[in-house]
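# predicted model and sequence follow; I will ask about them next.
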Amino acid sequence: GAVVSQHPSWVICKSGTSVKIECRSLDFQATTMFWYRQFPKQSLMLMATSNEGSKATYEQGVEKDKFLINHASLTLSTLTVTSAHPEDSSFYICSARDRGTSGLDEQFFGPGTRLTVL
Amino acid sequence: AQSVAQPEDQVNVAEGNPLTVKCTYSVSGNPYLFWYVQYPNRGLQFLLKYITGDNLVKGSYGFEAEFNKSQTSFHLKKPSALVSDSALYFCAVGPPGGYNKLIFGAGTRLAVHP
C-alpha cells in the first residue's frame, strides 16, 4: 500500500522557537495532504487541507499565521509551528490523498510527530 | 453537518471472544465510512471502508463492519479477539463523493485480556 512518512518523529523545542514538520508521500503523488492534531486521549482534529501549488485551507479556529503550511511538490507538505508555546505541544499527523496513481483514492496517514514545547 | 459518535470510551473483552466497537453517524446523502486503528505513538492504520455495495465490509486483520442505513450505524466487529488487537479505534465519515475532510469519532480504546 501507499506509504506516508513524517519527519521528525518527535521534537522538543524551547518556547518561542519555530518547528518544521515534513510529510512525504513515498510512492505516490498527493495533490492533497491533510494536517491533523491530536491531544492525549482525544480524537484527530483536522487543522488544514493542503493542495499542491496553492494556499492551504484552514479549519475554523486554526491560526494560519501560527501554523504555516507549504505544499511545494506532489510528494511533500510541510507544517511550521511558529513561535511555539507549551500549549502547542501535541501529536501532529498528516495524511495524503492518492487520487489514482496507484489505482486507489483514499487517505493514507503518516506515523505522526510528537511536539513538546518547553 | 457531519458527525460521528463512538458511545463507548473503552471496550473490554476476553481473548477469543467476539468484539464489537460501536459507531453511529450523521450525514446527509450517502456517506463514506471508515475504521482506523492507532497504536501508541503511531499514526492511523486503515482497517476498512464502506462506500457502496454489500452492507458487510471485510477488512484487515480479520475485522469487519456492518453498515446499517436505517440505524445509521457502522459497528466494527471481529469474531475472535486477540490480545494484539488492543489499541485505539477510530470511526470516521467522509462527505458523499469524496475522501476529503474526514470527521473522526472520539475513539474507543479496546482492551483484550488474556
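Perfect, I can see it now. Residues are numbered from 1 along each chain as shown, chains lettered A, B, ... in the order given.
# tell me the secondary structure for B:Tyr61?
helix (DSSP: H, G, I helix; E, B strand; the rest coil).
# ok, it touching B:Leu47?
Yes - here B:Tyr61 reaches B:Leu47: they are 7.1 Å apart, a contact under Cβ atoms under 8 Å. For glycine as for every other residue, the C-beta is placed from the backbone atoms N, C-alpha and C.
# quick check: closest non-adjacent residue to B:Glu66.
Leaving aside its chain neighbours, B:Glu66 sits nearest to B:Leu56 (5.3 Å; criterion: Cβ to Cβ, 6 or more residues apart in numbering or on different chains).
# er, B:Glu64 actually
B:Glu64's closest residue in space is B:Lys58 (Cβ to Cβ, 6+ apart), at 4.8 Å.
# how many neighbours does that neighbour have?
As a burial measure, B:Lys58 scores 10 neighbours (other Cβ atoms under 10 Å in any protein chain shown).
# do you know how far it is from chain A?
Using Cβ to the nearest Cβ, to the nearest Å, B:Lys58 is found at 16 Å from chain A.
# state the pLDDT value of that residue.
Per-residue pLDDT puts B:Lys58 at 94.
# now do the strands in the chain.
Assuming you mean chain A. A:4-7, A:10-13, A:19-25, A:32-38, A:44-51, A:57-58, A:67-73, A:76-81, A:90-98, A:106-109, A:113-117 (DSSP state E).
# that was the other one, I meant chain B.
B:3-5, B:10-14, B:19-21, B:24-26, B:32-38, B:44-50, B:56-58, B:64-68, B:73-78, B:87-94, B:103-104, B:108-113.
# do the worst-scoring helix or strand of chain A on mean pLDDT and chain B meet?
Using mean pLDDT, DSSP states H and E, strand A:106-109 stands out as the lowest-scoring helix or strand of chain A, at a mean of 83. Yes - against chain B, strand A:106-109 shows contacts by Cβ under 8 Å from any Cβ of the partner chain at A:Glu106, A:Gln107, A:Phe108, A:Phe109.
# just put the strands of chain A in TSV and tack on mean neighbour count.
Conversion of the strands of chain A to TSV gives the following (neighbours: other Cβ atoms under 10 Å in any protein chain shown):
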stretch	mean neighbour count
strand A:4-7	18
strand A:10-13	14
strand A:19-25	21
strand A:32-38	24
strand A:44-51	21
strand A:57-58	17
strand A:67-73	17
strand A:76-81	21
strand A:90-98	25
strand A:106-109	24
strand A:113-117	19
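# more neighbours: which of B:Tyr61 and B:Leu47?
B:Leu47 (20 against 12).
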